[in-house]
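Novice: using only what follows, build the 3D model:
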Amino acid sequence: MAREAHDPAAVDEMIDYVAIRRLQAAYADVVSRRAWPELEPLFEHDCKIVVDRRTLDPLVLLGATALGDFVGAAIERFEFFEFTILNSVVDLAADGDATARGRVWMCELRQDRESGHWSNAYGVYHDRYRWAEGTWRFAHRRYHSLARTGPATQVFAFPGAAAWELT
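Specialist: This is a model prediction of the structure:
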């Protein structure tokens, strides 16, 4: 059976989609392995990262080094830690040729080093990606905690549409 020629624009879109999914997976891998220096090529140097933990004021970080320092300190107490992507959405047409938007639904699987207690944290990232120098990178991230299990389970209301705006 002969295959029809593919629309070049559709092929380019598929290539960009796969590249962004690889970026998301690379982030999950780096965080799970606690390989903080490997965050640098995934983020634009001036990337704004807003971490909304829901029980405290949002934390604003600038760049991969600040993010690695924050996450590294936050997960130090865990003997086991794995960042898993549950689902993700990529919208390539959102901002034009050099940018895209997306969401990453995630879960952290964790075991406390001292108590041995297992817990999970669930959240969603609202991302803006930028194509530059031959690769996609995180240009802006906003994280919202959605729920945490543990000694006291916490479930938070889903952030409204205004929270998704990346400023």
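Novice: all contacts plus neighbour counts: C-alpha atoms, from now on.
Specialist: Will do.
Novice: for this protein, which spans come out with low pLDDT?
Specialist: 1-4, 94-97, 151-156, 161-167 (pLDDT under 70).
Novice: ranges for the strands of it?
Specialist: For the chain, the strands defined by DSSP state E occupy 43-52, 59-62, 78-91, 99-112, 118-132, 135-148, 154-155.
Novice: TSV for those, including distance to F70?
Specialist: Compiled in TSV, those are given as follows (distance: least, C-alpha to C-alpha, whole Å):
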stretch	distance to F70
strand 43-52	10
strand 59-62	9
strand 78-91	14
strand 99-112	15
strand 118-132	16
strand 135-148	13
strand 154-155	21
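Novice: so for this structure, the centremost residue is which one?
Specialist: Y125 (5.1 Å; C-alpha atoms, centre = their mean).
Novice: can you give me the neighbour number for the residue lying closest to that residue once chain neighbours are set aside?
Specialist: Nearest residue to Y125, sequence neighbours excluded (C-alpha to C-alpha, 6 or more residues apart in numbering): Y143, at 4.4 Å. Residue neighbour count, defined by other C-alpha atoms under 10 Å, stands at 23 for Y143.
Novice: and the closest residue to R103 other than its chain neighbours, how many neighbours does it have?
Specialist: Once flanking residues are discounted, R103 sits nearest to H126: 4.7 Å by C-alpha to C-alpha, 6+ apart. Using other C-alpha under 10 Å, H126 has 22 neighbouring residues.
Novice: any idea what H126 is bridged to?
Specialist: R103, R142 (DSSP bridges).
Novice: that one contacts A100, doesn't it?
Specialist: No: taking contacts as C-alpha atoms under 8 Å, H126 lies outside contact range of A100: 11.1 Å.
Novice: show me which residues of stretch 25-38 are buried.
Specialist: Y27, A28, D29, V30, V31, S32, R34, W36, E38 (16 or more other C-alpha atoms under 10 Å).
Novice: what's the answer for stretch 93-109, then?
Specialist: For stretch 93-109, by 16+ other C-alpha under 10 Å, it's T99, A100, R101, G102, R103, V104, W105, M106, C107, E108, L109.
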